[in-house]
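Engineer: Kindly return the folded structure for what I paste below:
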Amino acid sequence: MLETILLQTAEAHESFLSFLGKNFDMFLTYTGVYNATPGHLIMILIGLAFIFMAVKYEFEPMLLIPIGFGMLVGNIPFKDAGLQIGVYEQGAVLNTLYQGVTSGWYPPLIFLGIGAMTDFSALISNPKLLLIGAAAQFGIFGAYIIAMRMGFAPNQAGAIGIIGGADGPTAIFLSSKLAPNLMGAIAVSAYSYMALVPVIQPPFMRLLTTDKERLIHMKPPRVVSSTEKIIFPIVGLLLTCFLVPSGLPLLGMLFFGNLLKESGVTRRLAETARGPLIDTITMLLGLTVGASTQATQFLTVNSIKIFALGAMSFCIATIAGVCFVKFFNLFLKEGNKINPLIGNAGVSAVPDSARISNVVGQEYDPTNYLLMHAMGPNVAGVIGSAVAAGVLLGFLG
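Structural biologist: Now for the predicted structure:
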C-alpha cells in the first residue's frame, strides 16, 4: 500500500514537473528575447537616437521624445497570438489610439492649437511675404516629381512630397488619405527633418546669398490693429477653402483656432486649444506614430527612399524660398528690399525656421533682427502647406 502511494506521488511529481517544463517552454516563446530580430534591435537603436538628440541637443524634444519612445514601444518583440497588444492589432489599446492617426483626426486638432498660438501680425503687416511661403512649397511638388521618377504611384508620390512642407500633421493627414501603407515612414521622416532644420538650412542660406544681401535691414513691421487680426482668419478661411475645399479639415481648424485667440472674448477656449489640448494630442500622435514603426512594417527599401526624398524636399524648399526672395528683390526699390535669409522660413516649421533666419542674420550683423520679419513667411508656410495638401488630395484622392 505504501509503495503504491509513493509510486503515485512520484508519478504526480513527475507529471507536475513535466507540466511546469512545458508551460515554461511556452512562456519563453512569448518573451521579447525569443521573438527579437535584428530589425527590432535596429529600430530600438533609432528610437534611442531620437531621444538622445532631443535631450542632448534639444532638437524638437516635444516631438522626438514621444516618437523615440514610441519606437521602443512598437519594437518590443512579441508572439502574434491574439494578445491584442500591438499597434496594428484590432482591439488593442495602442490600435485604438492609433486610429487618431489613421482616421486623420489628430492633425486637425493640432492645427486648432497652432492657430490658437500663432500671431499672423507679421504677415498681415507685409502681405507680400505670403509669396515667400508659397515659393517654398516648391519643395513639395519638386519631391513629388522626383518620387514619380523613382517609381512611386502618383498617390504615394503626393504623400511623400508633402514632407517638403515641413509640417508633420499635414504629412500625416495627407498620407492617411493617399498612402496609408507609407504613413509611418512619411511621418517619421517629416518630424525627423523638422527637428534637423537648424542643421539642414543654414548651409544653403549661406551658399545662396552674398555678403551684401545678408546685411539688408528691413523696415520695422507696422502695427496691426485688433480688427485686422479678427478679420484675417475669416477672410483667410473663405479665400483658401473656396479655392481648395479639400484643405478644409486643416485650414478650417487653423483659422478657427486663430479666431479664438484674436477675438479677445474666448480666451479660455484659446488657452485650452494651445495648451492642454495640443499637448495631449502631440503626446498621443508622437507615441503612436513611433509605435507604428514596427520593424516588419518599417524596415523596407521604400522607407529608405522616402527618407532620401524627404531630405531632398527640405533642401529644395529652402533653396526655392531663398532664391525667390533674391528674384523678388529685382523688382523692389532700394530701402524696400527683403533680406534673402528669411526665404528659408517659407517652410512651415514654426518657429524654428524663422529662428534660424535670425540666427544666421546675426552672424553677419548682430544688430540685424530678422525674427519678426521671418515669422511672416513662416506662418504663410503653414497656410501654404495645408493648401498644397488640399491640392494634392483634390487631384489624387
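Engineer: tell me, what residue is most central in this protein?
Structural biologist: residue 168 (1.8 Å; C-alpha atoms, centre = their mean).
Engineer: what residues are up against it?
Structural biologist: The neighbours of residue 168, taking C-beta atoms under 8 Å, 6 or more residues apart in numbering as the test, are 63, 187, 190, 191, 194. Quick note: C-beta positions are derived from backbone N, CA and C, even for glycine.
Engineer: Same list (those residues) but as a markdown table, adding pLDDT, distance to residue 69 and neighbour count.
Structural biologist: Output for the contacts of residue 168, formatted as a markdown table (pLDDT from 0 to 100; distance: C-beta to C-beta, whole Å; neighbours: other C-beta atoms under 10 Å):
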| residue | pLDDT | distance to residue 69 | neighbour count |
| --- | --- | --- | --- |
| 63 | 88 | 11 | 22 |
| 187 | 89 | 15 | 26 |
| 190 | 89 | 18 | 30 |
| 191 | 87 | 13 | 28 |
| 194 | 86 | 17 | 27 |
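Engineer: Which of the residues you listed sits closest to residue 55?
Structural biologist: Among the contacts of residue 168, residue 63 lies closest to residue 55 (C-beta to C-beta), at 12.9 Å.
Engineer: Go ahead and name everything in contact with stretch 63-76.
Structural biologist: Residues contacting stretch 63-76 (C-beta under 8 Å, 6+ apart): 32, 40, 43-44, 46-51, 53-55, 86-87, 94, 168, 188, 191-192, 194-195, 282-283, 285-295.
Engineer: So which bits of it are buried?
Structural biologist: For stretch 63-76, a neighbour-count test (16 or more other C-beta atoms under 10 Å) marks 63-75 as buried.
Engineer: just stretch 80-94 next, same as before
Structural biologist: By neighbour count with 16+ other C-beta under 10 Å, stretch 80-94 contains the buried residues 86, 87, 94.
Engineer: now the end-to-end length of it.
Structural biologist: Using C-alpha to C-alpha, to the nearest Å, one end of stretch 80-94 lies 15 Å from the other.
Engineer: just how off-centre is it within its chain?
Structural biologist: In terms of C-alpha atoms, centre = their mean, to the nearest Å, the gap separating the centre of stretch 80-94 from the centre of its chain is 25 Å.
Engineer: ok, now stretch 91-99?
Structural biologist: The chain centre lies 20 Å from the centre of stretch 91-99; the measure is C-alpha atoms, centre = their mean.
Engineer: what residues does it touch?
Structural biologist: Identification of contacts with stretch 91-99 by C-beta under 8 Å, 6+ apart yields 73-74, 84-89, 284, 287-288, 291-292.
Engineer: Sort these by pLDDT and name the bottom one.
Structural biologist: For those, the weakest pLDDT value sits at residue 84, with 78.
Engineer: Relative to residue 292, how far out is the closest residue to that one other than its chain neighbours?
Structural biologist: Spatial nearest neighbour of residue 84, excluding adjacent residues (C-beta to C-beta, 6 or more residues apart in numbering): residue 92 at 4.4 Å. Distance, residue 92 to residue 292, by C-beta to C-beta, to the nearest Å: 12 Å.
Engineer: What is the burial count for residue 131?
Structural biologist: 17 (other C-beta atoms under 10 Å).
Engineer: contacting residues for it?
Structural biologist: Here residue 131 is in contact with 324, 328 (C-beta under 8 Å, 6+ apart).
Engineer: In terms of helix, strand or coil, where does it fall?
Structural biologist: On the three-state scheme (DSSP: H, G, I helix; E, B strand; the rest coil), residue 131 is labelled helix.
Engineer: Same check on residue 367?
Structural biologist: Using three-state DSSP, the three-state assignment for residue 367 comes out as coil.
Engineer: cool, and residue 83?
Structural biologist: Three-state call for residue 83 (three-state DSSP): coil.
Engineer: Per-residue pLDDT of it, please?
Structural biologist: Per the predicted model, pLDDT is 71 at residue 83.
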